[in-house]
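J.: Build me a structure from this.
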Amino acid sequence: MMKNLTILMYLKSRKNAKGQNPIYLRVTVDGKRVEKSLNKSIDSKKWDKNKQRGKGSNEEVRILNQFLVSVEQEIYLSRQELINNKVDVNIESLMNRYLGVEEKTHTLIEVFKYENKRIKKLIEKGTYKKYVTVLNHTKNYLQHQYNIKDIDIRNIDYQFVIDFDYYLRTEKSIANNSTIRIVNTLKKIIRTALDKDWIDKDPFLNYKVKKEKVETRFLTQVEIDTIYKKEFKIKRLEQVRDVFIFCCYTGLAYIDVKLLSDNNIVNDIDGDSRIKINRKKTNTISKIPILPIAQEILDKYKDDPLVLNSGKLLPVLSNQKMNAYLKEIGDICEVKTMLNSHLARHSFATIALTNGLPVETLSKVMGHKSLNMTLHYAKLIDSKMSSDVKNFKRNLKKLKTKPFKENKNVAV
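T.: Next up, the predicted model:
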């Protein structure tokens, strides 16, 4: 923040109408300088070049020197004000502050809020909420780290970025991959400032971190059957279970099953019913066959008052409540894998592939943008198969089989 500042007052060689030389001010910050007239003049014989002041003790010289001292003091004061306000001290900002010119600056929170308004209109609600969450993390970090509510966006540097990363990991105890997602969301906001030339350098240029490989979890057919067949005396648990099982047999994500209505049920050329949706996350069309268990659940709720009033097909709670109740369901059913709404989608994909559905077909059913997204599930199946084969071989070695003895009484 502290920059090299030099102030020089000197005489121009040309003389004015009074035969005096104009006094000029030259301010230099880190090699960049600005010169301006001070609208004062003096006889060159009465000027002390080294002291940058007028010579003599008469009233006129005394008043001139007081003025020159005040100019220097105002420049140093302007620099200190910029530092106190955490504004980058450069030749433009310093001279604007000294001259009283209102410099248009942009702050981090201001830019963040501006982008969030655009995101709210252009992107689905879930993504907007993520940006709001990152904005709140950023506000808390500014208060924690600098005791300020906002900061000039030109002051966002690499140190700011890595300190933010450290704050999320330590003060907020956020895991590695989630920390990276939060910091990268902030990076997208800073990208706006770069594109608009509000900052000169990308502070994220050297931010190099790696996501940890997270194992994609899914339920086995046995686990799904256990949850499906379990009888619940509490209605809310029964409803959440039904929605979860419906997703296990359709592959629908939470937001898509929540918005599911009669308009999404269509008949194919064979007369069979299908679910046709435009997936919120990827904005792709997905056509899903309605399997018997999925149809059974739809039929169960077709006359439900809550469903009829909502205009939807199923009684879907908020994602937060659904995940909380799914955890309770998992405990009741003694399922070791922690249940959440998205686990159903993963489970559908792996079970579909295990039961012979071609990966290309599954990709279309799930509404993936590319086949590579679906191949991820195929790799999971290969990995599990490899693991199962290893376990099978290990178990075979433990078996103590008796040597084969030929039975002579057996006809061959």
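J.: Name all residues that make contact with the closest residue to K312 other than its chain neighbours.
T.: For K312, the nearest residue in space outside its immediate sequence neighbours is S261; the separation is 5.4 Å by C-beta to C-beta, 6 or more residues apart in numbering. Any C-beta I mention is one placed from the backbone N, CA and C, and that applies to glycine too. Neighbouring residues of S261 by C-beta atoms under 8 Å, 6 or more residues apart in numbering: 311-313.
J.: Report the separation between S261 and T284.
T.: When distance is defined by C-beta to C-beta, to the nearest Å, S261 is 19 Å away from T284.
J.: so what are the domain limits for this structure?
T.: Following automatic domain parsing, one finds the domains of the chain at 5-99, 108-195, 221-394.
J.: coming back round to it: so what's the residue nearest to K312 scoring on pLDDT?
T.: With respect to pLDDT, S261 has a value of 91.
J.: likewise the one 5 residues further on?
T.: Each residue has a pLDDT score; the one for V266 is 89.
J.: Spell out the secondary structure type for it.
T.: strand (DSSP: H, G, I helix; E, B strand; the rest coil).
J.: Quick one: residues contacting it.
T.: When contacts are taken as C-beta under 8 Å, 6+ apart, V266 is in contact with 273-276, 287.
J.: By pLDDT, give me the weakest of the contacts of S261.
T.: For the contacts of S261, the minimum pLDDT belongs to G311; the value there is 87.
J.: Quickly note the distance from that residue to M9.
T.: 77 Å.
J.: Between those two, point out the one with more neighbours.
T.: M9 (18 against 9; other C-beta atoms under 10 Å).
J.: If I look at that one, what pLDDT would I see?
T.: Value listed for M9 in the pLDDT field: 95.
J.: Surely it is in a strand?
T.: Yes - assessed with three-state DSSP, M9 lies in a strand.
J.: and it, bridged to which residues?
T.: Residues in a beta bridge with M9, per DSSP bridges, are L25.
J.: Might one say that it is in contact with L68?
T.: Yes - taking C-beta atoms under 8 Å as the definition, M9 is a contact partner of L68 at 5.9 Å.
J.: which residues are in contact with both of those two?
T.: Residues within reach of M9 and of L68 at once, by C-beta under 8 Å, 6+ apart, are 23, 38, 52-53.
J.: Filter these down to the buried ones.
T.: Taking 16 or more other C-beta atoms under 10 Å as the criterion, what is buried in these is 23, 52-53.
J.: List just the nearest of these to G251.
T.: Proximity of the buried ones among the shared contacts of M9 and L68 to G251, judged by C-beta to C-beta, is greatest for Q52, which lies at 78.7 Å.
J.: For that closest one, list the residues it contacts.
T.: Under the criterion of C-beta under 8 Å, 6+ apart, the contact partners of Q52 comprise 8-10, 68.
J.: doesn't Y166 fall inside a helix?
T.: Yes - in this structure, Y166 lies within a helix as judged by three-state DSSP.
J.: what's the neighbour count on it?
T.: The local packing count at Y166 equals 13, with neighbours defined by other C-beta under 10 Å.
J.: measure it to Y158 for me?
T.: Applying C-beta to C-beta to Y166 and Y158 gives a distance of 13 Å.
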